[in-house]
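> Sharing a model that was predicted from the sequence below.
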Amino acid sequence: MKIQKTLSVEEIDLSSLDFWTLPIEEREGAFATLRAERPIPFMKEAEYAEFIPKGPGYWSLTRNSDIREASRNPDIFSSAKGATSIADMPPAFLEFFGGMINMDDPRHGRQRRIVSRGFTPRALKKIEVNVEARADRVIDRIVEQGTCDVVADLAAPLPLEIICDMMGIPESQAPVVLQQTNIILGLGDPEFVEELENVEVAALQAGSTLAGLMGEMAEERRKNPKDDLTTALLNTELEDGAMTDSELASFFILLVVAGNETTRNSISHGLKALCDFPDERKRWMQDVEGLMPTAIEEIVRWSSPVIHMRRTCTQDTTLSGQDFKEGDKVVLWYSSGNRDETVFDQPYRFDIGRTPNDHVGFGGPGPHYCLGANLARREIGVMFKKIFERIPDIQVTSPPVPLQSNFINGIKRMECEFSPGRPIG
């Protein structure tokens, strides 16, 4: 990728919808300009929905080291007033749509410990076996066609179906979960909310649908416990007790949004990168297992599926010479941190053997580091292993259609073609 520095520091407006519709080369060029000339700029906030008052503005962390420092100091850079939205959302929204991401300790610690029941070595081993089988089933559905939509047919089904398996949700409900997840994360994209009155209605309707599904699951599992994550989260006999119905619904929304969308977009961007950098693709295919660990990390760095998270200062503080006041908003631009020239050699080169690779694609260090990072790594690695084995000549044939968002680096559609094969299932 060759970046284009078309904007001066004064012209860069990270709150503007126009900025996020610029070509990726120009956006990357803008962040490069900020890192070099004004690494912690202050940005005015945009007008959001009618029910959200316009905020006072926010500081932007664009360098990798500053993002890491803020992440490892949650006592100063708090998540409790909202991590997933730059705007000040109503408290009920923070609880409902962000769950433990929008919490600090001790509440965050308790919920994370409960959720960790689904990520024990025994639980992960069971899931890992299932990932292989699920990936084969995903490819089985399209292998005879010779063409498909990378997003809808390859990237989206695997993480979504794994999450449904974990929670014990019937496979018949997976399309509903995917549709509502797309709405929640596509609130800035007219394609997903064009028939709704406003983003508030869109969010509430989608969230209500997912919460209703989880409520039915909770009622069933209390009567008929099973070996799934829903049952584990409702177990009152374990340490820290059980989740309430509202906590369970909030966690499920977080899981399908964070666990589905981030992995889905890593796979989508990863395949596009492998097609754009054929030498790297050939290199990986010649040593799939050997290069697997570094290739996965590079895909996550390159994709930066979560563009930013927000923190709020709990006290006056200073970071890299910039003073902050108590109550100031601070936005951690992960996508910029993953292109930091002081950390990454040739950051705009896709290098599947890159090491070290100190990206912040799973969040920075500290208590909010992605709990499902290892599962995501497994899903990404298995999917590309199966692609190399079963549809090795796959090529992207249309430009990716990007999600209109400053939060998720999403791809909505991307066509591909390959030599047809046979199902193995």
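Here it is on my side, so go on.

> element containing Arg301?
helix 288-303 (DSSP states H and E).

> Need the CA coordinates for stretch 8-18. CSV is fine.
The C-alpha coordinates for stretch 8-18 follow below in CSV (Å, rounded to 0.1, in the frame of the first residue of the first chain):
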residue,chain,number,x,y,z
SER,A,8,-2.7,18.8,6.5
VAL,A,9,-2.9,18.4,10.3
GLU,A,10,-5.5,21.2,10.4
GLU,A,11,-7.6,19.6,7.8
ILE,A,12,-7.8,16.2,9.4
ASP,A,13,-11.2,15.7,11.1
LEU,A,14,-11.6,12.2,12.6
SER,A,15,-15.2,13.0,13.5
SER,A,16,-16.3,13.7,10.0
LEU,A,17,-18.2,11.1,8.0
ASP,A,18,-16.5,12.5,4.9
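
> Any buried residues in that stretch, and which?
By neighbour count with 16 or more other C-beta atoms under 10 Å, stretch 8-18 contains the buried residues Ile12, Leu14, Ser15. All C-beta spots, glycine's among them, are computed from the backbone N, C-alpha and C.

> same question, stretch 404-424
404-418, 421.

> ends of that stretch, how far apart?
With C-alpha to C-alpha, to the nearest Å as the measure, stretch 404-424 spans 37 Å from end to end.

> so how far is the longest helix along the chain from its chain's centroid?
In the chain, with assignment by DSSP state H, the single longest helix is helix 199-223. Distance, stretch centre to chain centre, for helix 199-223: 21 Å (C-alpha atoms, centre = their mean, to the nearest Å).

> The helix or strand following the helix holding Arg301 packs against which elements?
Going down the chain from helix 288-303, the next helix or strand is strand 308-313, by DSSP H and E. For strand 308-313, the packing partners by 3 or more C-beta pairs under 8 Å, 6 or more residues apart in numbering; DSSP states H and E come out as strand 77-78, strand 329-333, helix 334-337.

> Am I right that Arg413 is in contact with Leu154?
No: between Arg413 and Leu154 there is no contact under C-beta atoms under 8 Å: 12.0 Å.

> picking up where we left off before, what is the mean pLDDT for the longest helix of the chain?
On average, the pLDDT along helix 199-223 is 84.

> Any regions of this structure where pLDDT drops low?
Scanning the chain for pLDDT under 70 picks out the ranges 48-51, 98, 185-200, 425.

> now with 50?
Along the chain, segments meeting pLDDT under 50 span 196.

> Run through the strands of it in chain order.
42-43, 58-61, 77-78, 147-149, 308-313, 317-319, 322-324, 329-333, 395-396, 401-402, 411-413, 415-417 (DSSP state E).

> Dump those into CSV; add distance to Val177 as well.
Converted to CSV, the strands of the chain look like this (distance: least, C-beta to C-beta, whole Å):
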stretch, distance to Val177
strand 42-43, 34
strand 58-61, 32
strand 77-78, 30
strand 147-149, 18
strand 308-313, 23
strand 317-319, 39
strand 322-324, 39
strand 329-333, 28
strand 395-396, 26
strand 401-402, 22
strand 411-413, 17
strand 415-417, 24
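
> Tally up the residues packed near Ile253, please.
When neighbours are counted by other C-beta atoms under 10 Å, Ile253 registers 24.

> Helices of the stretch 101-250 of the chain, residue ranges please.
Taking DSSP state H, counting those that start in this stretch, the helices of the stretch 101-250 of the chain run over residues 107-115, 121-140, 157-167, 174-185, 190-193, 199-223, 229-233, 245-254.

> All good on my end, thank you.
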